[in-house]
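[1] what's the 3D shape of this:
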Amino acid sequence: MISKIFLGVLMIFLVRSAVGLVPPDLPARLGMAHEGESFFRELHESTLNQKPGVEEWALKSIERLRQATDSTQAQQLMADFGNGTSENATDILPAMPVFNVSAECINATARYLVDLINGVPYALQMLDATAKPPAGIMEGNMKWFGAMSQCKNTTVTPSGGPHFDAHQCLASFISPAAMINPQQAMFGVITLGLCLPATCTPGDVTNMLNQDLFDVQMLDKYVVYTTTCNDDRKLDSFAIGAIFFGAVFILIVVVATVLDIILTMMRDGSCGTDDIIVTSEELPKNRGVPSMTSDPIHSTNYHDSDRVPLYKDEHLTVIHRVPGKLMGALMAFSLYTNVPKIMSAKHGSGAITCLHGIRLISMTWVVLGHSYAFAAQIFDNLVVMADILSRFSFQAISNATVSVDTFFVLSGLLVAYLTLKQMKRSDGKINWLLFYFHRYWRLTVTYAFIMVLYIGISPYLISNPAADTFSADATNCRSSWYLDLLYVNNFFDISKGCMGWTWYLANDMQFYIISPIILIALYKLPILGGIMISLLVLSQILTTSLIMHFYNIGTMFNDASGEYMIMVYTKPYVRCGVYALGMAVGYLLYKTDCKVKMNKITLWTGWLLATGLALGTLYGTYNNQITDPWSVDMSAGYEAIYRLTWAVALGWVIFACATGNGGFVNALLSWEAFIPLSRLTYTCYMVHLIVIGIFFGNMETTIHYTDLMIIYVYIGSLVCSMMVAFVVTVLIEAPSIALEKVLLGGFR
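    Numbering: from 1, shown residues only. Next comes the predicted model:
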């Protein structure tokens with residue numbers, strides 16, 4: 001294993017003669033003063049007598065390589081090469097089939113070792129880029145990345161043999177104890193960064209380390225179970241296609257925006273031949289100007305303020321006639337139209353305004369939880385996590401998963417409230433085919449666009465080999481994308497699926513598909529609808545508890561089976577009751593027309609119960625996580641009901657606010673500044689893990705946890721995710737909604 005070069009030279013050579021790694025011209029390159037240059041030169045010269053120690057380690061490693069060959073001629077060539085008498089590295093050995101290490105890797109590695117012995121600058125730079133045992137190991141600093149950019153940027157000039165480049169590989173060593181008991185994985189897994197010839201594949205590195213062709217003394221009882229390398233990826237056909245697709249799409253947006261401005265604005269008082277010029281007094285007082293982007297399902301008119309001209313005559317107004325569907329489809333992509341709509345703080349009449357604040361706060365909560373989850377993977381003081389988790393206040397973060405249940409409540413509520421109102425207006429008649437098409441189109445267009453860019457481009461934006469699992473997820477999409485677009489991916493192993501966080505969309509779509517059965521019942525036979533909702537709630541309780549009991553599954557915090565995320569967390573039977581409770585709240589708002597008077601006793605009782613349920617949900621797991629882990633049955637019972645208690649508490653907040661009983665809570669949640677940001681929550685959910693993954697996928701060092709550091713990381717992740725979400729919303733989501741209106745025409 002690579003010691004005598006890597007840990008041997010790492011710990012002995014670099015400790016005894018670390019300054020000997022400094023090239024003589026480094027001070028000059030750094031622009032140091034004459035005195036500093038002399039000081040470094042003296043240190044460098046004083047360590048040259050330590051060279052035999054380096055030779056000892058390197059020659060022993062070369063000897064191991066020589067002994068590993070099965071050819072007398074190859075052994076002699078290796079010996080000659082080690083002694084510096086062979087100039088042709090390609091003659092060392094043709095292959096090493098027994099050890100499954102390529103000849104190219106062995107040849108380049110041997111040349112690197114010899115050049116290291118001889119003090120060739122590039123070899124010293126590669127050794128310097130290799131990770132060394134750092135401080136803080138007892139605090140959990142087990143990821144030793146090394147200097148990745150330095151390794152990659154090394155200009156390799158071998159003294160003989162073929163040329164090779166350098167690349168950084170991360171070898172993950174696991175102890176026998178951790179292999180038996182995964183609970184010891186914190187100190188049982190060490191990630192070591194090795195700067196090696198790029199001719200060595202991850203498989204070559206793993207085999208060399210495991211078969212002791214090199215010796216890492218400190219890790220001699222560990223086994224390498226995986227190796228990843230940061231090789232430059234060449235754009236494949238899918239990536240090129242994704243880039244071309246994105247470029248064409250941006251071109252369409254630019255053309256549509258320019259054309260929209262030309263058609264909409266008055267320039268020098270001129271107008272098109274198809275325009276109608278009227279005075280402001282001649283405009284109808286109670287009608288908006290018809291717009292090609294009006295919603296044929298809910299509204300037929302648009303307000304004048306939706307399109308603000310760059311120049312407007314005070315007395316004359318130009319009314320543009322609605323163009324044909326082809327032009328209307330193109331105009332759907334106009335930034336000039338879409339950006340003001342997204343940024344507007346207006347809301348429709350009869351809107352439940354508190355939902356804007358709830359939606360936005362829940363999204364920030366989701367980002368907070370995922371920021372912690374990603375950052376924890378590269379903390380260099382993991383032991384401190386025990387102290388963090390022991391904080392009572394931290395339970396609001398560790399239980400952030402209920403933020404997703406908030407979205408299920410909102411989804412069920414809006415489906416019931418809006419659809420029942422529409423059924424009332426149309427005497428119970430609904431175009432159910434359009435009902436399904438609208439939902440599928442609304443989610444899938446944006447979903448598919450993000451997926452294409454995620455599959456094609458995101459793997460090329462990652463430089464840290466430690467983020468290989470992130471790239472692997474994008475690779476998985478190439479074979480499992482259809483499961484996502486059919487919204488059934490939550491029934492499959494998310495670790496082998498595509499965009500694992502989209503399990504939520506699959507659940508939401510499945511609930512939406514069965515919702516008409518309940519909606520029709522609520523409209524025609526409310527008692528039957530109430531029974532259906534109760535059955536869904538009961539099924540969530542029974543199914544969740546029974547599965548966790550019989551499969552011996554604990555909660556997310558004490559699950560020893562490893563099945564929680566696969567069999568419980570992502571499945572619809574764990575969330576269907578939450579969605580059903582949202583529908584129940586939507587039905588109550590529909591029946592009361594959001595007008596309910598409550599006396600003070602009822603109001604205070606409701607708020608106190610809701611507050612107690614919410615706090616109990618968030619902080620009731622404290623002893624399970626810290627002091628006294630629950631039994632499987634206790635875990636099953638809690639898992640079966642805690643999402644429902646959160647849904648009940650949230651349902652009260654929405655009902656009270658929507659009916660005028662929310663007080664300052666409603667005023668806060670209905671703040672107009674929340675409205676434009678809340679419109680970004682869907683795309684923010686879709687892109688935030690990609691943004692976070694790319695950020696951490698380019699980290700070349702670990703993070704030392706402090707509260708201020710994680711706050712900084714979180715705010716940066718949230719702001720960047722919202723910025724990307726805004727771009728995706730104005731480029732994709734808003735145009736897709738407008739395009740649907742144009743294509744459907746007068747269908748209802």
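[2] what about the residue nearest to Gly246 when sequence neighbours are not counted, neighbour count?
    Nearest residue to Gly246, sequence neighbours excluded (C-beta to C-beta, 6 or more residues apart in numbering): Leu453, at 6.4 Å. All C-beta spots, glycine's among them, are computed from the backbone N, C-alpha and C. Leu453 has 20 neighbours, counted by other C-beta atoms under 10 Å.
[3] ditto for Leu708
    Neighbour number of Leu708 under other C-beta under 10 Å is 8.
[4] distance-wise, check it relative to Ser534.
    48 Å (C-beta to C-beta, to the nearest Å).
[5] equivalent analysis for Gly577, please.
    Gly577 sits 9 Å away from Ser534, taking C-beta to C-beta as the criterion.
[6] try Ser736
    37 Å.
[7] between these two, tell me which one has more neighbours.
    The neighbour count for Ser736 versus Ser534, taken as other C-beta under 10 Å, is higher for Ser736 (19 against 13).
[8] pretty sure Thr446 is one of the things that one touches, is it not?
    Yes: taking contacts as C-beta atoms under 8 Å, Ser736 lies within contact range of Thr446: 6.3 Å.
[9] all helices of the stretch 351-500 of the chain, in order?
    Along the stretch 351-500 of the chain, counting by DSSP state H, counting those that start in this stretch, helices occupy 354-375, 384-389, 395-398, 402-425, 432-456, 468-485.
[10] can you check the stretch 151-300 of the chain too?
    Counting by DSSP H, counting those that start in this stretch, the helices of the stretch 151-300 of the chain are 176-180, 185-188, 202-210, 237-264.
[11] lowest-confidence stretch among these?
    Of all the helices of the stretch 151-300 of the chain, the minimum mean pLDDT falls on helix 185-188 (a mean of 60).
[12] I'd like the distance from stretch 434-444 to the chain centre, please.
    Counting by C-alpha atoms, centre = their mean, to the nearest Å, stretch 434-444 is centred 25 Å from the centre of its parent chain.
[13] cool, and stretch 379-386?
    Using C-alpha atoms, centre = their mean, the offset of stretch 379-386 from its chain centre is 22 Å.
[14] can you pull the contacts of Leu522?
    416, 420, 529-530, 583, 587 (C-beta atoms under 8 Å, 6 or more residues apart in numbering).
[15] and it, what pLDDT?
    96.
[16] how about low-confidence regions in this structure?
    By pLDDT under 70, the low-scoring segments of the chain are 1-99, 177-187, 212-220, 266-323, 466-471, 560-561, 624-627, 745-748.
[17] where exactly do the strands run in it?
    All strands of the chain, identified by DSSP state E, fall at 143-144, 166-174, 189-197, 223-229, 276-279, 316-319.
[18] so which of those is nearest Ser371?
    Evaluated over the strands of the chain, closeness to Ser371 peaks at strand 143-144, with 18.2 Å, by C-beta to C-beta.
[19] wait, what's in contact with Gly412?
    Taking C-beta under 8 Å, 6+ apart, we find Gly412 in contact with 511, 515, 578-583, 585-586.
[20] those residues in helices, which ones?
    511, 515, 578-583, 585-586 (DSSP state H).
[21] out of those, who has the most neighbours?
    For the ones in helices among the contacts of Gly412, counting by other C-beta under 10 Å, the largest number of neighbours falls to Tyr579: 33 neighbours.
[22] tell me the contacts of that one?
    By C-beta under 8 Å, 6+ apart, the contact list for Tyr579 reads 408-409, 411-412, 508, 511, 536.
[23] any chance of these in CSV, plus distance to Phe664?
    Below are the contacts of Tyr579 laid out as CSV (distance: C-beta to C-beta, whole Å):
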residue, distance to Phe664
Phe408, 26
Val409, 22
Ser411, 27
Gly412, 26
Asp508, 31
Phe511, 33
Leu536, 34
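[24] and which of those is nearest Trp481?
    Closest to Trp481, out of all of the contacts of Tyr579 and judged by C-beta to C-beta, is Asp508, at 18.5 Å.
[25] burial count for the nearest residue to the closest one once chain neighbours are set aside?
    Counting by C-beta to C-beta, 6+ apart, Ser411 is the residue found nearest to Asp508 once chain neighbours are left out, at 5.5 Å. Neighbours of Ser411 under the rule other C-beta under 10 Å: 22.
[26] repeat that for Gln125.
    Neighbours of Gln125 (other C-beta under 10 Å): 20.
[27] gap between the residue lying closest to it once chain neighbours are set aside and Leu589?
    Among residues not flanking Gln125 along the chain, Thr154 sits closest, at 4.9 Å (C-beta to C-beta, 6+ apart). Per C-beta to C-beta, Thr154 is found 65 Å from Leu589.
[28] and for Val255?
    43 Å.
[29] and these two? Which one has more around it.
    Leu589 (22 against 13).
[30] quick one, what contacts the closest residue to Phe696 other than its chain neighbours?
    Setting aside the residues directly before and after it, Phe696 is nearest to Phe374 in space (C-beta to C-beta, 6+ apart), at 5.0 Å. Applying C-beta under 8 Å, 6+ apart, we find Phe374 in contact with 692-693, 696.
[31] do the same with Gly660
    With C-beta under 8 Å, 6+ apart, Gly660 has these contacts: 594-596, 666.
[32] got the phi/psi numbers for it?
    phi 80, psi 20 (degrees, to the nearest 10).
[33] how close does it get to Thr406?
    Going from Gly660 to Thr406 by C-beta to C-beta gives 22 Å.
[34] present the contacts of Phe374 as TSV; the columns should include distance to Phe145 and neighbour count.
    Formatted as TSV, the contacts of Phe374 follow (distance: C-beta to C-beta, whole Å; neighbours: other C-beta atoms under 10 Å):
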residue	distance to Phe145	neighbour count
Ile692	19	24
Gly693	17	22
Phe696	12	21
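[35] between those, which sits nearest Gln150?
    Distances from Gln150 to those, taken by C-beta to C-beta, are shortest for Phe696, at 19.9 Å.
[36] looking at it, that closest one is touching Phe379, isn't it?
    No: here Phe696 does not reach Phe379: they are 11.3 Å apart, not a contact under C-beta under 8 Å.
[37] thinking again about what came up before, out of the contacts of Gly660, list just those in helices.
    Short answer: those in helices (DSSP H) are Asn666.
[38] report the buried members of the contacts of Gly660.
    Among the contacts of Gly660, those buried by neighbour count (16 or more other C-beta atoms under 10 Å) are 594, 596, 666.
[39] between those, which sits nearest Gly554?
    Nearest member of the buried ones among the contacts of Gly660 to Gly554, counting by C-beta to C-beta, is Asn666, at 38.6 Å.
[40] residues touching that closest one, list them.
    Asn666 touches 353-354, 656-657, 660, counting by C-beta under 8 Å, 6+ apart.
[41] Leu644 versus the residue nearest to Asp508, what's the distance?
    The value you get for Ser411 to Leu644, if C-beta to C-beta is used, is 16 Å.
[42] neighbours around the nearest residue in space to Val665 that is not next to it in sequence, how many?
    In space, Val665 comes closest to Cys657 once its chain neighbours are excluded; the distance is 6.3 Å by C-beta to C-beta, 6+ apart. With neighbours defined by other C-beta under 10 Å, the count for Cys657 comes to 24.
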